[in-house]
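[1] Here is my input, please return the structure:
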Amino acid sequence: MPSQPSKDLETFDNPQPDRDYTIRINIPEFTCLCPKTGQPDFAEMTLEYVPDRLCVELKALKMYIWSFRDQGAFHEAVTNEILSDLVSATQPRFMRLTAEFNVRGGIYTTIVAEHRADDWISPAAVTLP
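    Numbers count the residues shown, from 1 in each chain. Purely as a prediction, here's the structure:
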């Protein structure tokens, strides 16, 4: 049976909950519809997060992203909706979603939305020689 789009975001236990580490996921084929014209919008998204207790399962993420294909949405709204749903599902220490939309009318749009847990303090950046 073929896969179907789904708004369900499955998670699994973080295998290293005592360590801050970054999960970076590239999503090169995001599509939704322009709410004004109904024409398709295309974007490359990058999800970066520091998990707490849960991580997002990749196939579920793929089906979730696919669920936007026929949905009309402004770039700003859809980026923040996706971030909010992912934060709700995983409760990360930190999460950033960057959405780089393809050109339309000579204009490129990049939306960056972030979440930071109230009690999380970012570790100091390490600069190597």
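[2] How about residues contacting stretch 35-51?
    14, 17, 20-34, 61, 65, 72-75, 79, 82, 86, 90, 92-102, 104, 120 (CB atoms under 8 Å, 6 or more residues apart in numbering). Quick note: C-beta positions are derived from backbone N, CA and C, even for glycine.
[3] Keep only those of those that are in helices.
    L61, I65, H75, T79, I82, L86, T90 (DSSP state H).
[4] residues in contact with the closest residue to the fifth one other than its chain neighbours?
    The shortest distance from I82 to any residue other than its chain neighbours is 6.0 Å, reached at L97 (CB to CB, 6 or more residues apart in numbering). L97 makes contacts with M45, T46, L47, E48, T79, I82, L83, L86, I111, V112, A113, E114, as judged by CB under 8 Å, 6+ apart.
[5] In TSV, list those residues along with distance to S6.
    As requested, the contacts of L97 are arranged in TSV below (distance: CB to CB, whole Å):
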residue	distance to S6
M45	17
T46	22
L47	17
E48	23
T79	19
I82	14
L83	18
L86	14
I111	23
V112	26
A113	22
E114	25
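[6] ok, and the most crowded of the residues you listed?
    In terms of neighbours by other CB atoms under 10 Å, the contacts of L97 top out with I82 at 25 neighbours.
[7] mind showing which ranges of the chain have poor pLDDT?
    Within the chain, the segments meeting pLDDT under 70 span 1.
[8] Which parts of it are strands?
    Using DSSP state E, the strands of the chain run over 11-13, 23-33, 40-50, 54-56, 94-104, 107-116.
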